[in-house]
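# this one's sequence-less:
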């Protein structure tokens, strides 16, 4: 192993150890990043909910769609038992219902946080930035404001939302 490879391996091991000890901050733990991800995906969550409900209705009406069978494919529980089409449909509906419940929780969480800032006179920045995917420059043009004004108010609104959505993470970031 040459010196470059040794350095690379040592750096990798060090980063992994820092992560293991929670000494390295990563995006998935950052409340601002998580808040923005929820906002970007909020419309997709609502669409996904509709699709899942339609899928349940379809399964209830016509059953699961049949897949082409190959010589090696089979559907069993792993212990020699095979499920009927009705059992497979019930399992799929249960899986979809669990997913719907999780999606509803995420939507409700975001709705409550948005409700806390809905009367802010700059609330429109959130819709333009996260749901219409406008750049700060485009938002500034639409609202006839400076880009720095957009950035400042967007960051302030995200700060308020992240405190609503992830209060424990915000406290941890402040003190630790």
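Perfect, I can see it now. Here the structure is a predicted model, which means the values were calculated and not measured.
# Just give the number of residues close to residue 86.
10 (other C-beta atoms under 10 Å). All C-beta atoms are positioned from the backbone trio N, CA, C, and that covers glycine.
# Show the contacting residues for it.
By C-beta atoms under 8 Å, 6 or more residues apart in numbering, the contact set of residue 86 is residue 63.
# and it, that one's in a helix?
Yes - under DSSP: H, G, I helix; E, B strand; the rest coil, residue 86 falls within a helix.
# confidence score at it?
Listed pLDDT for residue 86 reads 84.
# What separation do you get for it and residue 59?
10 Å (C-beta to C-beta, to the nearest Å).
# what about residue 41, neighbour count?
Neighbours of residue 41 using other C-beta under 10 Å come to 14.
# how about it, secondary structure?
What three-state DSSP gives for residue 41 is helix.
# And it, what's its pLDDT?
You'll see residue 41 listed with a pLDDT of 95.
# for it, what are its contacts?
Applying C-beta under 8 Å, 6+ apart, no residues contact residue 41.
# Before we move on, what's the pLDDT of residue 76?
Confidence score, pLDDT, at residue 76: 53.
# Confidence-wise, which helix or strand of this structure is lowest on average?
When the helices and strands of the chain are scored by mean pLDDT, DSSP states H and E, helix 3-20 comes last with a mean of 71.
# Under the pLDDT cut-off, which ranges of the protein? List them.
11, 15-28, 67-81 (pLDDT under 70).
# Please enumerate the helices of it.
3-20, 31-62, 85-117, 124-126, 136-143, 147-165, 167-175 (DSSP state H).
# winner for burial among the ones you listed?
Ranked by mean neighbour count, the helices of the chain are led by helix 124-126 with a mean of 20 (mean count of other C-beta atoms under 10 Å).
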